[in-house]
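# Just need the structure, nothing else, for what follows:
(4 chains)
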Amino acid sequence: MTENRAVTTLESDSIDDAVAELGDDGLSGYNFAYLDEHTKREVRRAILKGIAIPGHQVPYASRPMPLARGWGTGGIQASLSLLGPDDSFKVIDQGADESVNAANIRRLADRTAGVETTSDTTDADVIQTRHRIPEEVMTDDQILVLQVPVTDPLRKVDGSDAANRRRHAHKNYGRMWVHLYENVVEWGEIKIASRYPTMVAGRYLMDPSPIPRWDVPKLDDADTLFLFAAGREARIYAVPPHTEVEPLAFEDESFQVERFPDQSCDACGSTDTFLTEVETDDGRRLYSCNDTSFCAKRQDDPAIPKDHHLDASGVDWGPGTPNEGSETPDSEDGVAGEPAAESGGDER
Amino acid sequence: MVDPHDRTERFELIAACEPSALVAHADEVVEDTTVEVLQVPTPQLVMQRVVEPVHHQPFNLGEVVVTAAEVALDGEQGFAMVPGKAEKPALSGAVVDAAIESGHPAAEAMIETLVTDATRREQTQREQWARRKRTAVDFDEMEDHT
Amino acid sequence: MDPVHDTRACFRALVDATSRPGTIQSVAVDPADHAVIATLVDHEVSLATTDDAIAGALASEGRLTETAPEAADIVHATVPTDGDVREYDRGTLEEPSDGATVVYRVDSLSEDAETAPEHWTVLRVSGPGVPGERTVAIEGFPTEEAQALADAQSTYPRGVDAILTTRDRIVALPRSVTLEVA
Amino acid sequence: MGYVAVTASEDVIERAEDLFEKQRVDGEETQISVSQTDEQFGRIVGQTMSEGGLFAPRLAALAVKQAQGDTAEAGFLLRAYRSTLERWDESVPADPSEMCASRRVSPAYKDVPGGQILGATKDYTQRLLDFDLLADDGADPTESWDLDPEDPEQLRNVVSVLREEGLLHDPEDDRGDSPEEPVDTTREPVTMPAERSAVLQELARGETGAVTALGYSSLRGYGQVHPTLGEVRTGDLPVQIEHPYTGEAATVAHAEVTECEAVVPVFAKRDDPQFAFGYGLCFGRNERKAIGMSILDAGIQLDGEEPAESAEFVLDVVDGIDSFGFIEHLKLPHYVTFQSTLDRIRSIRQRKMNSGTADAADSEIAEASADD
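Okay, the predicted model is just below:
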């Protein structure tokens, strides 16, 4: 298939010069945003079908990338098919912009698409993330791309994708319910930590990727579009805005988020953000905000709410956001169909 | 015997020819003749398809890197494709293909090179095969030794 | 149409439209149906169209695989399908994403149903991507066609996804939504 | 337990990359050249090409040099490079028996037409370290052979012999002339049940160790396939395209490949026991991979219970780039998910404490954390 007939008459009088004259060879001749247009079409078609069938895992021909499989190749293919020259791109891993792999992904996007990068959630058009949803509320002109290691929630109960595809086809999720029930019988509560199975738009059971349970309520009835992209397992799926996303739970054993009783961020004092434990050199264990960019804002202004950038008031993003000043986070809202039970596990 | 005037055979001779010989000939042509480049030499992929002998099932074995180029010389088109990432040999091959097709003054020397190159390769192949035949074995003979 | 940047911009409009069914998004190219088809189609998917211009453009780049509408991945409906949309490929229960995308060319689109002229079709849209309900008024999209489309989307997750286009504007009606002819 | 967020901006990871490069250039010896790698490490270059799914000897040699000999990394470099190239077209479908054979042995037929040609092999030697190589580079031991050069013969494939004897069920629709379009797993997602063309392509680009181990598992007792090999062959397969001007098939290159057929007795049909066949073909000189492929192809066709006979299990684990990438991704920070797991374990432990069975808590904790 010879390309379109752009004819150039050779100026140089030797083959060496001619090849140089005809344009650089090798790496410097990158396509815009690295992917050739054919691959972008493949990813884009899958994204659109994913949005049209919320929660359904759409297969696509995932392209090998200069990034190892399992390190965000799905996410980067989705981001690079979205990003335009005037978009601003934020990349976080474990909630941190400065994390190694986030730096590597930003470098690839910058080198091949010349995209402006930012660490401010409220300033980004596209955010690629691994294992976290930002603390600040995302709006309807932003897109969150989540990296996905395991695409199917049923993988916990059956290794075979072929069998699981049939279960999804017929909305047959009995095995997952049995698994959760056995959890409760054996441990007294559901022991799933991250990748908590959620029902999307009442039809498809979905794996929200290894985000903590803390972030799962943010998916429900949000303003923003969530795209889940798996490179190695070659699937793309989506949660459109204003779509019901309900974590599986029983009436009496409601969905519990992580709790950090009597703890607050050592740096900014937050008690309403996801914290991780940090051990100092002198052996003290303390907690700090995981979303580093928001923590930086809280260090400047401890009272800044998560919806500071919106004109709407009242936060409906994520669990346990106290009204100003109150100490213990109140019960989690945003969990569809569940009476706001007293936040469990506090009797610790 | 090889026939460099047959377009397909010439393509095969150019594809297998010693790259430096191609570049040398093409340098001569580019010096004194206007050459239009229709397809810039770029590395591309050929997906090797194989029909396996058991069930005659075709399958895709894997891709082979080649470099293709196309030029025009006084209105006569030339096309070449060579193995690997080899922009200079590909462009040179296209020039040689067009030069021979259009009867460029340097065509005779080019044909000479293609023929001698082919003969050399054939000789190497025949020696290679003879060496391999020296390792043909009749298993009974093997059993006597062990 | 710039093959890289205009295509990308059109794709972003399709993402916004499909994420927020019933809203009108603009694309940088007129006619929008050509922009949408050029964004989505290559030799990996089959296209059914009677529009020689777009077919010729795609063929020249080796990106055209033409089939009949019933079997096509993407159907270009330059005129209403008189109910044929019910026969288009809806994908399978195991792979509903194989369902067709129908790109309609209509005369006008408006988000303001109240002031729409009498002969326009008004649709009420609800479901994923729609907080509460949205209404969209369409000229050149008879109520019978709207009903046929609703039928073609009634076997969720199997179904077709529709993109309505006019001049440089598009509206998406993915299979996930509920359509009601007002 | 300290889980400090690894903060590193671009320059830290660039310095780490430089350190990796320093490892390669350290040492007194002169740099090994790409040509030397290509000529003297043909097996590792061949393996890299077959696992990368890309035949480009010089580029594979460059990848091996850059990756300091790590074939998984080198294969990955080739695949990433491939992503930047457009495809010219599919080749003219090749018949593997057209390859110019450099070696062909048939365990099934002693007097196979064309003979048993050992070619260049160390199969029948004692594996003793050659200490001479410590000092000098060795010379061509075949220099003194007196040869009478002759035209290379095309060797008939043993399968055609078996077919003549009616021992190979003739494929009803002889797909030789109108092959339906094979799947291309580099361009279409693989969904189960996978077509055989997808299985063959994925095995051909599979990781050598994985294909060998899985094939061996069938021999070792975890499967019903213990084949006799029809033949094992290495050689140069002509790569042909359709010439854009003449439309005729024209050879642009030769790809070194290794081929193998496995013959498996099948007594399924009581009255007419026949043979089932597995096939293996891959780039480069890699006999254990080709043999492993043929065992897996046969096993998958027989669709038995063992892992090596399940297309889904095999295709899920055999790709080296997937397995190396995901197993090493565990090095990436996981402190958010781990925090979430701590939360669960503490909550369960607390619940057990409250219900007075504290000691049982410890054993259960091990089991609980196994889930994630």
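
# helix or strand right after the longest helix anywhere in chain B?
In chain B, assigned by DSSP state H, the helix with the most residues is helix B:107-133. Using DSSP states H and E, the helix or strand that follows helix B:107-133 in sequence is strand B:136-137.

# Check whether the lowest-mean-pLDDT helix or strand in chain C comes near chain B.
In chain C, no helix or strand scores lower on mean pLDDT, DSSP states H and E than helix C:52-60, which sits at a mean of 91. No: using C-beta under 8 Å from any C-beta of the partner chain, we find that helix C:52-60 stays clear of chain B, coming within 15.7 Å at best. No exception for glycine: its C-beta is placed from N, CA and C like everyone else's.

# Show me what that helix is packed against.
In terms of contacts (3 or more C-beta pairs under 8 Å, 6 or more residues apart in numbering or on different chains; DSSP states H and E), helix C:52-60 is packed against helix C:32-40.

# Could you tell me how far the helix it packs on lies from the centre of the chain?
Helix C:32-40 sits 10 Å away from the centroid of its parent chain (C-alpha atoms, centre = their mean, to the nearest Å).

# thinking again about what came up before, can you point out the buried residues in the longest helix of chain B?
B:107, B:110-111, B:113-114, B:117-118, B:126, B:128-133 (16 or more other C-beta atoms under 10 Å in any protein chain shown).

# Distance to chain A for the residues you listed - can I get that in a markdown table?
Formatted as a markdown table, the buried residues of helix B:107-133 follow (distance: C-beta to the nearest C-beta, whole Å):
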| residue | distance to chain A |
| --- | --- |
| B:A107 | 17 |
| B:M110 | 14 |
| B:I111 | 19 |
| B:T113 | 15 |
| B:L114 | 17 |
| B:D117 | 18 |
| B:A118 | 22 |
| B:R126 | 32 |
| B:Q128 | 31 |
| B:W129 | 35 |
| B:A130 | 37 |
| B:R131 | 36 |
| B:R132 | 37 |
| B:K133 | 41 |
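
# can you tell me the average pLDDT over the longest helix of chain B?
Taken as a whole, helix B:107-133 has a mean pLDDT of 94.

# just checking, what packs against it?
helix B:7-16, helix B:19-32, helix B:87-101, strand D:100-105.

# Please parse the chain into its domains.
With no chain named, the answer covers chain A. A:1-30, A:37-150+A:210-245, A:275-343 (automatic domain parsing).

# oops, chain D please
Taken from automatic domain parsing, chain D resolves into D:18-24+D:31-82, D:96-118+D:154-175+D:183-326.

# Mean neighbour count, the helices and strands packed on helix B:107-133: which tops it?
Ranked by mean neighbour count, those are led by helix B:87-101 with a mean of 28 (mean count of other C-beta atoms under 10 Å in any protein chain shown).

# do that one and chain D meet at all?
No: Helix B:87-101 lies out of reach of chain D by C-beta under 8 Å from any C-beta, never closer than 9.3 Å.

# how far out from the middle of the chain is that helix?
With C-alpha atoms, centre = their mean, you get 11 Å for helix B:87-101.

# so that helix versus helix B:19-32, what angle?
60 degrees (axes from the mean of the first three to the mean of the last three C-alpha atoms, to 10 degrees).

# element containing residue 38?
No chain was given, so I picked chain A. Applying DSSP H and E as the criterion places A:H38 in helix A:37-52.

# actually it's chain B I care about, not the one you picked
Per DSSP H and E: strand B:35-52 holds B:L38.

# Off-centre distance for that strand?
13 Å.

# same question, stretch D:220-234
Going by C-alpha atoms, centre = their mean, where stretch D:220-234 is centred and where its chain is centred differ by 16 Å.

# The helix holding A:H38 vs chain C: in contact?
Yes: contact of helix A:37-52 with chain C is found when judged by C-beta under 8 Å from any C-beta, involving A:37-38, A:40-42, A:44-52.

# how about the strand ranked longest in chain C, does it reach chain A?
If you go by DSSP state E, chain C has its longest strand at strand C:130-139. Yes: against chain A, strand C:130-139 shows contacts by C-beta under 8 Å from any C-beta at C:130-131.

# Distance to chain D and mean pLDDT added to the domains of chain A, as TSV?
Shown next, in TSV, are those (distance: least, C-beta to the nearest C-beta, whole Å; pLDDT from 0 to 100):
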stretch	distance to chain D	mean pLDDT
domain A:1-30	7	68
domain A:37-150+A:210-245	3	94
domain A:275-343	3	69
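
# Looking at these, which is nearest to chain B?
With C-beta to the nearest C-beta as the measure, domain A:1-30 is the member of the domains of chain A nearest chain B (4.5 Å).

# on that earlier part again, what residues sit buried inside the least confident helix or strand of chain C?
C:54-55, C:57-58.

# ok, now stretch A:247-258?
Using 16+ other C-beta under 10 Å, the residues of stretch A:247-258 that count as buried are A:247-249, A:253-258.

# Just name the closest of the residues you listed to chain D, please.
Closest approach to chain D among those (C-beta to the nearest C-beta): A:E258, at 4.2 Å.

# show me where chain A has helices.
A:15-21, A:37-52, A:73-82, A:100-113, A:161-169, A:174-187, A:292-300.
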